[in-house]
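Colleague: 3D, please:
(2 chains)
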Amino acid sequence: MSNELTWHQACNSDDVDLEDVLGVTIAGNRVAIYRSPDDRFYATEGLCTHEQVKLEDGLVMDDIIECPKHNGRFNYRTGEARGAPACINLRTMPTKVEDGVVYVGLANAG
Amino acid sequence: MRADPIVIIGGGESATCAIAGLRSEGYRGPVVWVCEEDIHAYERPTLSKQFLGSSHARPSSVIPPELLDDPAIDIRLDTRATHLDAANRLVTLGTSERIAYSGLLLATGAEARDLDLPGRNSDRWLTLRRAGDAARLRPYLNGQSRIVIVGAGLIGLELAAAARMAGAQVTVIESQDRPLARVLPPAIAEIALARHRAMGVAFRFGTTIASVESGPTGERLLLSSGAEITADLVPVAIGSIPRTELAEAAGLAIANGVVVDAQLRTSQAGIWASGDCCAFPLDGRLVRLESWEAARQLGEIAGRNMAGRALPTDIVPWFWSDQYDLGIQGLGLPPDGATLVHRVIDPESALSFALCPAGRLRAVHGIGPETSIAKHIKRARPLIRDGAVCDPAILQDADQPLWAAFPPLAVAS
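Modeller: Predicted coordinates:
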């Protein structure tokens, strides 16, 4: 496995409101982009680990994303599952913002 | 001397959450878990939805691994509690085994209400409550089947959607003049109805089955309207009845469910009840809920209270339903005489707010593609909990931001 990252353009920083989430598709994967109340960007896999529901329709509260379907909760900064029925953590990805554009780093295969 | 165990009766979500609740409060003593079915507690909502179209042999288990691995939890599958002696704190399992308990939870759930029609061929009729019922339904989900569903409630319409998506010919018979009358405001239910009709589901409202004639080619149903219809399969989805027989025989108070107080204690010391089988006080009424989240929440509260806490059942009831790609959600209990304020988002998305006479938000129902309305429902939760006063003119005006209808201090974000 390589640790090399490829940075993919995800969205513009003003596409996401403070304390909100946006869904994007990057290299065929659904990815959820979060903007925290302290104006930092985070990214996790875009589908809930419980029943594959799109997290972008969920509600962001502080550093928690609540799944739109069964109210499973995750800390989107760490990916940690924080409330039943979710018990499997979300994968997180690094982000960076350059010139108002949010990039998500995906590990290169290989 | 070994302490008497806590006995949990019922093998569903509520029982599971109760045991997790006991452990979370530090109760480390023995638990005897009496489950009527022969498989561990599983996800039931999927039985009328995705599970029907999947090839999974059984739905996912809902038991956290740490409970399965806990040597002090004695799980008895395929076992019935047959007698309860509340005065002496004894419960009988099966034919003879008697267990003295220190505390007991009734999480016996509900069973599907059925129709008693003479002459029907029971092979062609079913109710849907358990994984085995869904397994019986599956072979009929194909283009050759004529399926007549009795009841246009959530389960009936979820089944209608699953059957139509599999290509079956589907008719829904409903005694009332509209679908989903018990659970949704008309304006929300109409959007679901329009989609079912567009998908080719036939509806017969305001009618019931007067008689049945079984034949080799199917069940001939004579309707009260005089019409006749033939079915290969007749799923009956007309609600559920709480399982109270054990409690009733033990002399516990019953009123459409095992009556409990705000801490889920029954009328007998040492016995609690939670989930679909219990009637508990909420907003000054005694209510019985049949939804996944309430079953879980009440179970957890009961378990924690059995471990010594005194937590109240101040939940905000919530349910969801999936029909085709439409997602429906409801939050809160609309009070009698509520004013309904409707907000149209687009032709297939809408929200309906139930306000009490003083203008406080008490419930919200919504429909839309997939989970598109979920965020609105979630944001309403603290507002309903706080009884936030809102401006109906803004609520119904889709050109104005929804949350501007509430005073700034109460806005959720």
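
Colleague: wait, residue A:56 sits on residue A:22?
Modeller: Yes. Counting by Cβ atoms under 8 Å, residue A:56 does reach residue A:22; the two are 6.0 Å apart. Bear in mind the C-beta positions are built from the backbone N, C-alpha and C, glycine included.

Colleague: Which one's more surrounded, those two?
Modeller: Comparing residue A:56 with residue A:22 by neighbour count (other Cβ atoms under 10 Å in any protein chain shown), the higher total belongs to residue A:56, at 22 against 18.

Colleague: In a strand, the more buried one, correct?
Modeller: No. Read with DSSP: H, G, I helix; E, B strand; the rest coil, residue A:56 is helix and lies in no strand.

Colleague: For residue B:162, see how far away it is.
Modeller: 26 Å (Cβ to Cβ, to the nearest Å).

Colleague: how about residue B:124, what does it touch?
Modeller: B:214, B:218, B:219, B:231, B:232, B:233, B:234 (Cβ atoms under 8 Å, 6 or more residues apart in numbering or on different chains).

Colleague: Once you drop chain neighbours, what's closest to whichever residue of chain A sits closest to chain B?
Modeller: Nearest residue of chain A to chain B: residue A:68, at 3.2 Å (Cβ to the nearest Cβ). Nearest residue to residue A:68, sequence neighbours excluded (Cβ to Cβ, 6 or more residues apart in numbering or on different chains): residue B:374, at 3.2 Å.

Colleague: buried set for the worst-scoring helix or strand of chain A on mean pLDDT?
Modeller: Lowest mean confidence among the helices and strands of chain A (mean pLDDT, DSSP states H and E): strand A:81-83, at a mean of 87. Neighbour counts over strand A:81-83 (16 or more other Cβ atoms under 10 Å in any protein chain shown) mark residue A:81 as buried.

Colleague: before we move on, what about stretch B:21-41?
Modeller: So, applying 16+ other Cβ under 10 Å, buried residues of stretch B:21-41: B:21-23, B:27, B:30-36, B:39-41.

Colleague: Pull the most distant pair out of those.
Modeller: Greatest spacing in the buried residues of stretch B:21-41, by Cβ to Cβ: B:27 and B:39 (25.6 Å).

Colleague: Stretch A:73-86 spans what distance, first to last residue?
Modeller: 7 Å (Cα to Cα, to the nearest Å).

Colleague: ok, and what's touching it?
Modeller: A:21, A:32, A:34, A:36, A:42, A:44, A:48-50, A:55, A:60, A:63-67, A:70-72, A:87-92, B:17, B:62, B:296.

Colleague: Next: stretch B:385-395.
Modeller: For stretch B:385-395, using Cβ under 8 Å, 6+ apart, the contacting residues are B:316, B:339, B:341, B:343, B:353, B:355-356, B:358-362, B:383, B:400, B:402, B:404-407, B:410.

Colleague: Swap in 10 Å and give it another go.
Modeller: With contacts defined as Cβ atoms under 10 Å, 6 or more residues apart in numbering or on different chains, stretch B:385-395 is touched by B:314-316, B:332, B:339-343, B:351-353, B:355-356, B:358-362, B:364, B:380, B:382-383, B:397, B:400-407, B:409-412.

Colleague: got the buried residues for it?
Modeller: B:388, B:389, B:390, B:392, B:394, B:395.

Colleague: what's the pLDDT at the first one?
Modeller: Per-residue pLDDT puts residue B:388 at 93.

Colleague: circling back to that earlier point, so how many other residues sit close to the residue of chain A closest to chain B?
Modeller: 26.

Colleague: Could you pull up the residues touching it?
Modeller: A:48, A:53-59, B:320, B:327, B:329, B:370-375, B:377-378.

Colleague: likewise residue B:306?
Modeller: Contacts of residue B:306 by Cβ under 10 Å, 6+ apart are B:6, B:8, B:18-19, B:21-22, B:25, B:27, B:102-105, B:263-265, B:270-272, B:274.

Colleague: Among those, which lie within strands?
Modeller: Among those, DSSP state E puts B:6, B:8, B:103, B:104, B:105, B:271, B:272 in strands.

Colleague: Could I have the buried ones of these as PyMOL selection syntax?
Modeller: To isolate the buried ones among the ones in strands among the contacts of residue B:306 in PyMOL, judged by 16+ other Cβ under 10 Å, type:
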select buried, chain B and resi 6+8+103+104+105+271+272
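
Colleague: which one of the ones in strands among the contacts of residue B:306 sits closest to residue B:142?
Modeller: Using Cβ to Cβ, the ones in strands among the contacts of residue B:306 come closest to residue B:142 at residue B:8, 39.9 Å.

Colleague: Can you give me the separation between that closest one and residue B:129?
Modeller: 20 Å.

Colleague: Could you check how far the residue lying closest to residue B:220 once chain neighbours are set aside is from chain A?
Modeller: Spatial nearest neighbour of residue B:220, chain neighbours left out: residue B:213 (4.3 Å); criterion: Cβ to Cβ, 6+ apart. According to Cβ to the nearest Cβ, to the nearest Å, residue B:213 and chain A sit 42 Å apart.

Colleague: which SSE is residue B:213 in?
Modeller: strand B:209-215 (DSSP states H and E).

Colleague: quick check: angle from the following helix or strand past that strand to strand B:209-215?
Modeller: Once strand B:209-215 ends, the next helix or strand along the chain (criterion: DSSP H and E) is strand B:218-223. Strand B:218-223 and strand B:209-215 are oriented at 160 degrees to each other (axes from the mean of the first three to the mean of the last three Cα atoms, to 10 degrees).

Colleague: Confirm residue B:156 sits in a strand?
Modeller: No. Secondary structure assignment (three-state DSSP) places residue B:156 in helix, not in a strand.

Colleague: my guess is it meets residue B:128, correct?
Modeller: Yes. Between residue B:156 and residue B:128 there is a contact under Cβ atoms under 10 Å: 9.3 Å.

Colleague: Compare the two (neighbour count), which wins?
Modeller: Remark: of residue B:156 and residue B:128, residue B:156 carries more neighbours, 24 against 21, as counted by other Cβ under 10 Å.

Colleague: where's the closest residue to that one other than its chain neighbours relative to chain A, distance?
Modeller: What sits nearest to residue B:156 in space, not counting adjacent residues and going by Cβ to Cβ, 6+ apart, is residue B:237, at 3.7 Å. From residue B:237 over to chain A the distance is 22 Å, taken as Cβ to the nearest Cβ.

Colleague: go on, residue B:64?
Modeller: Relative to chain A, and taking Cβ to the nearest Cβ, residue B:64 is found at 7 Å.

Colleague: That residue: what's it in contact with?
Modeller: Taking Cβ under 10 Å, 6+ apart as the criterion, residue B:64 is in contact with A:84, A:85, A:87, B:16, B:17, B:19, B:20, B:23, B:70.

Colleague: swap in residue B:327?
Modeller: A:53, A:57, A:68-69, B:320-321, B:349, B:366-374, B:377.

Colleague: try residue B:47
Modeller: Counting by Cβ under 10 Å, 6+ apart, residue B:47 makes contact with B:59, B:128-135, B:137, B:155, B:158-159.

Colleague: Can you find the helix or strand in chain B with the smallest mean pLDDT?
Modeller: Within chain B, no helix or strand scores below helix B:50-53, which has a mean of 91 by mean pLDDT, DSSP H and E.

Colleague: ok now that one, how far from the chain's centre?
Modeller: 18 Å (Cα atoms, centre = their mean, to the nearest Å).

Colleague: Pull the helix or strand following it out as CSV, backbone CA atoms only.
Modeller: Downstream of helix B:50-53, the first helix or strand assigned by DSSP H and E is helix B:65-68. The C-alpha trace of helix B:65-68 is given here as CSV (Å, rounded to 0.1, in the frame of the first residue of the first chain):
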residue,chain,number,x,y,z
PRO,B,65,-21.3,-8.0,20.4
GLU,B,66,-20.5,-7.2,24.0
LEU,B,67,-24.0,-8.4,25.0
LEU,B,68,-23.7,-11.6,23.0
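
Colleague: Understood, closing this out.
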